[in-house]
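Asker: Need a 3D model of the following:
(chains A and B)
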Amino acid sequence: MNKIRTRFAPSPTGYLHIGGLRTALFNYLWTQKNRGQFLLRIEDTDQERYVQGAEEKLIATLENIGLKPNQKPLTQSSRLKIYQKIAEELVKKDSAYYCFCSPERLDKLRKEQQSQKKIPKYDNHCRNLSTGEIKEKLAANQKYVIRFKIPEKQTIEAKDLVYGSIKVQSEDLDDFIILKSDQFPTYHLANVIDDHEMQISHVIRGEEWLPSLPKHILLYQALNYNQPNFVHLPLLLNPDKSKLSKRQGDVAVEDFLAKGYLPQAILNYVALLGWNPGDDREFFSIKELIKNFSLEKINKAGAIFDLNKLNWFNAEYIRQIIAKRGEDYQNLINQTKKILPDHSDQVENLLKLFGSRLNYLAELKELSPWLWQLPDYPTQLLIFKKSDQEKTKQGLKEVLELLTTTDQKKWTRENLDQILQQAVKNGLTAGDIFWPTRVALSGLEKSPSPAEIMEFLGKEESLERINQALGKLK
RNA sequence: GGCCCUAUCGUCUAGUGGUUAGGACGCAUGGUUCUCAACCAUGUAACACGGGUUCGAUUCCCGUUAGGGCUGCCA
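Answerer: Numbering: from 1, shown residues only, chains lettered A, B, ... in the order given. As a prediction, the model looks like this:
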């Protein structure tokens, strides 16, 4: 059996995109399942779009989220000679030709075709230049590109493991450029050469490449390469069903990470976009994903990226990690510290207090300020809807008394809750006790329970806040 | 415009030539006798349309419609 090898091949033009992550993940899962090799290739053949530092960021993000390639990445810009040589060979074999058309001419041509409602297509202007003409232009130092010569009147059939057989007539294909005038290859050429040389067994990539698959097939044939398996993945979509892009929300994986979305939650959610295990299970560790992953269960239709459901997955993971206190717990704390550097010593308590209501860790920033500084609140807020000022005052006094005599050692949420419970008597209801205490402590209409807050604040600050409330009620 | 792809609840999806078409998110209601979150329970909501094939189609075929992708010296 041939070894399973896949590659993730991003271009270093920005950040790792959530769609790219899904592609990387499927590549990764397929190789890990088959004890194969997951490789990374940097497709930096566009000098215009190259972004300084993007490559490093990409690699770092992949590693942070747990998709580490098995080998050092291959960078296409370091292989220009190879592409050039092979392009020349294709010219010699009459599978490709020099084209001296200027970008201006092509632009003009395209515009004319469009205005005449014709199909924009290269007019094969240079397809049949004589050897003499070519020599002359080369000698005159004219800029040129190399175009692939699409064979005439052929039906090209491409096979994809997800989408099945795709047939195209060669007349519908352009004589596409394989080597640009700056001597860099285009995607199509470099991609085919590298997949061959890296011995990639499965080309797993986004559906947006499906239309150019026939071109690639033609290149494989012209180059006499064996074809790998092709696996095109359904697109990830914006809520309006267009191809997922920023503009309509976050798509940069590192932004999600920075906000405190957990790697396992992101991977778990993204794995279920365009793939399913065939049953109702939804929670998968990376190991379980590897075990259960299969190419057959990949869907064909695009999937909308739903932040709502990602939030749910992430919240669920946060809650589970806090509840279990296992290995992941320390990681969670460390991640939270990075997000709240000013309160890093309080992080564990913060998670205890807010853990059940976090979609992502950075939400702590909005949830917690009142703990450090009691906000000003209207006196009226202290009074429970079914209560009055007198009872409220009574209740708080009772609470204050009980708490003052409470030992520091017994200052836990369980005890404190019981103590508050003791105050519920003599015509005072739970609403007369818990509500005003909670508002006194938080200054908020909605918050965690009073016992939880007091546990966090400690005795001194808690009593101070309750006293303050009593002062307001005078 | 041309080429290619796709079509089950709002979203992610399961599923079948005969099912009360299942689960999850979201949303709604109720419970948990302070609020919120969590938790529990219940509810809400789908086979795009039209032809075939068939005793019977959501399921198979064709078409229509709709949506998307590609159509660059971008990837």
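Asker: Could I get the full set of strands for chain A?
Answerer: For chain A, the strands defined by DSSP state E cover A:5-8, A:37-42, A:74-75, A:96-99, A:145-148, A:155-160, A:164-169, A:177-179, A:202-206, A:229-233, A:236-237, A:303-304.
Asker: and A:I119, which of these is closest to it?
Answerer: In this view, the strands of chain A are compared for proximity to A:I119 by CB to CB, and strand A:164-169 is the closest at 12.8 Å. Placement of C-beta: from N, CA and C, glycine included.
Asker: Format the CA atom coordinates belonging to the closest one as PDB.
Answerer: What follows is strand A:164-169 as a C-alpha-only set of coordinates in PDB (Å, rounded to 0.1, in the frame of the first residue of the first chain):
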ATOM      1  CA  GLY A 164     -17.400  12.200  -8.600                       C
ATOM      2  CA  SER A 165     -16.600  12.500 -12.200                       C
ATOM      3  CA  ILE A 166     -16.400  16.000 -13.800                       C
ATOM      4  CA  LYS A 167     -16.300  16.400 -17.600                       C
ATOM      5  CA  VAL A 168     -15.200  19.500 -19.500                       C
ATOM      6  CA  GLN A 169     -14.800  20.300 -23.200                       C
END
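Asker: Okay, buried residues for that strand please.
Answerer: Buried residues in strand A:164-169, counting neighbours by 16 or more other CB atoms under 10 Å, are found at A:166, A:168.
Asker: same deal with stretch A:283-300?
Answerer: By 16+ other CB under 10 Å, the buried positions in stretch A:283-300 come out as A:284, A:286, A:289-290, A:292-293, A:295, A:298.
Asker: circling back to that earlier point, adding mean pLDDT and distance to A:D279, write the strands of chain A out as TSV.
Answerer: TSV is the format used below for the strands of chain A (pLDDT from 0 to 100; distance: least, CB to CB, whole Å):
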stretch	mean pLDDT	distance to A:D279
strand A:5-8	98	26
strand A:37-42	98	26
strand A:74-75	97	38
strand A:96-99	97	50
strand A:145-148	98	46
strand A:155-160	95	25
strand A:164-169	94	24
strand A:177-179	98	45
strand A:202-206	98	23
strand A:229-233	98	21
strand A:236-237	96	23
strand A:303-304	97	18
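Asker: so which of these comes closest to A:K243?
Answerer: Nearest to A:K243, of all these, is strand A:236-237, at 6.6 Å by CB to CB.
Asker: name the helices or strands packed onto the closest one?
Answerer: Counting contacts by 3 or more CB pairs under 8 Å, 6 or more residues apart in numbering; DSSP states H and E, strand A:236-237 is packed against helix A:18-33, strand A:303-304.
Asker: Could you give the separation of the first one from the chain centroid?
Answerer: Using CA atoms, centre = their mean, to the nearest Å, we find the averaged C-alpha position of helix A:18-33 to lie 12 Å away from the chain's own average C-alpha position.
Asker: how big is the angle separating that helix from strand A:202-206?
Answerer: Regarding helix A:18-33 and strand A:202-206, their directions subtend 160 degrees when assessed with axes from the mean of the first three to the mean of the last three CA atoms, to 10 degrees.
Asker: Helix A:18-33 and RNA strand B, are they touching?
Answerer: No: using CB under 7 Å from any atom of the strand, helix A:18-33 never reaches RNA strand B; the gap is at least 9.4 Å.
Asker: How about the last one?
Answerer: Yes: contact of strand A:303-304 with RNA strand B (CB under 7 Å from any atom of the strand) involves A:303-304.
Asker: related to what we said a few turns ago, may I see the strands of chain A organised as TSV, with distance to A:T131 added?
Answerer: Written out in TSV, the entries for the strands of chain A read as follows (distance: least, CB to CB, whole Å):
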stretch	distance to A:T131
strand A:5-8	39
strand A:37-42	36
strand A:74-75	36
strand A:96-99	10
strand A:145-148	15
strand A:155-160	29
strand A:164-169	30
strand A:177-179	19
strand A:202-206	36
strand A:229-233	37
strand A:236-237	49
strand A:303-304	52
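Asker: ok, A:W275 - contacts?
Answerer: A:W275 makes contact with A:26, A:293, A:297-299, according to CB atoms under 8 Å, 6 or more residues apart in numbering.
Asker: What is the most widely separated pair among those residues?
Answerer: By the measure CB to CB, A:F293 and A:N299 form the most distant pair in the contacts of A:W275, at 13.4 Å.
Asker: For the residue of chain A found nearest RNA strand B, which non-adjacent residue is closest in space?
Answerer: Minimum separation of chain A from RNA strand B (CB to the nearest atom of the strand) falls at A:A430, amounting to 2.4 Å. Nearest residue to A:A430, sequence neighbours excluded (CB to CB, 6 or more residues apart in numbering): A:V424, at 5.3 Å.
Asker: my guess is A:G20 contacts A:P10, does it?
Answerer: Yes: with contacts counted by CB atoms under 8 Å, A:G20 reaches A:P10, the gap being 5.5 Å.
Asker: before we move on, back to that, point out the one among the strands of chain A that comes closest to A:Y261.
Answerer: Judged by CB to CB, the one of the strands of chain A that comes nearest to A:Y261 is strand A:236-237, at 16.0 Å.
Asker: Is the closest one positioned near RNA strand B?
Answerer: Yes: in this structure, strand A:236-237 sits against RNA strand B according to CB under 7 Å from any atom of the strand; the contacting residues are A:L237.
Asker: who's in contact with that strand?
Answerer: Counting by CB under 8 Å, 6+ apart, the neighbours of strand A:236-237 from elsewhere in the structure are A:18-19, A:22, A:243-244, A:273-274, A:302-305.
Asker: Reformat those residues as TSV; add distance to A:S387.
Answerer: Formatted as TSV, the contacts of strand A:236-237 follow (distance: CB to CB, whole Å):
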residue	distance to A:S387
A:I18	49
A:G19	54
A:R22	53
A:K243	56
A:L244	51
A:L273	50
A:G274	54
A:G302	54
A:A303	51
A:I304	47
A:F305	47
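Asker: can you list these in a markdown table and add neighbour count?
Answerer: Rendered in a markdown table, the data for those read as follows (neighbours: other CB atoms under 10 Å):
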| residue | neighbour count |
| --- | --- |
| A:I18 | 23 |
| A:G19 | 22 |
| A:R22 | 27 |
| A:K243 | 13 |
| A:L244 | 24 |
| A:L273 | 25 |
| A:G274 | 22 |
| A:G302 | 18 |
| A:A303 | 18 |
| A:I304 | 15 |
| A:F305 | 22 |
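Asker: tell me which of those is nearest to A:N64?
Answerer: For the contacts of strand A:236-237, the closest approach to A:N64 (CB to CB) belongs to A:I18, at 14.1 Å.
Asker: mind checking pLDDT for the residue nearest to the closest one when sequence neighbours are not counted?
Answerer: If the residues on either side of it in the chain are set aside, A:I18 comes closest to A:V251, at 4.9 Å by CB to CB, 6+ apart. As summarised for this prediction, A:V251 has a pLDDT of 93.
Asker: Is A:V251 in contact with A:G19, as I believe?
Answerer: Yes: using CB under 8 Å, A:V251 is in contact with A:G19, at 7.3 Å.
Asker: Please enumerate the shared neighbours of those two.
Answerer: The contact lists of A:V251 and A:G19 share A:L244, where a contact means CB under 8 Å, 6+ apart.
Asker: re the thing from before, give me the number of residues near the residue nearest to A:I18?
Answerer: Under the neighbour criterion other CB atoms under 10 Å, A:V251 is assigned a count of 22.
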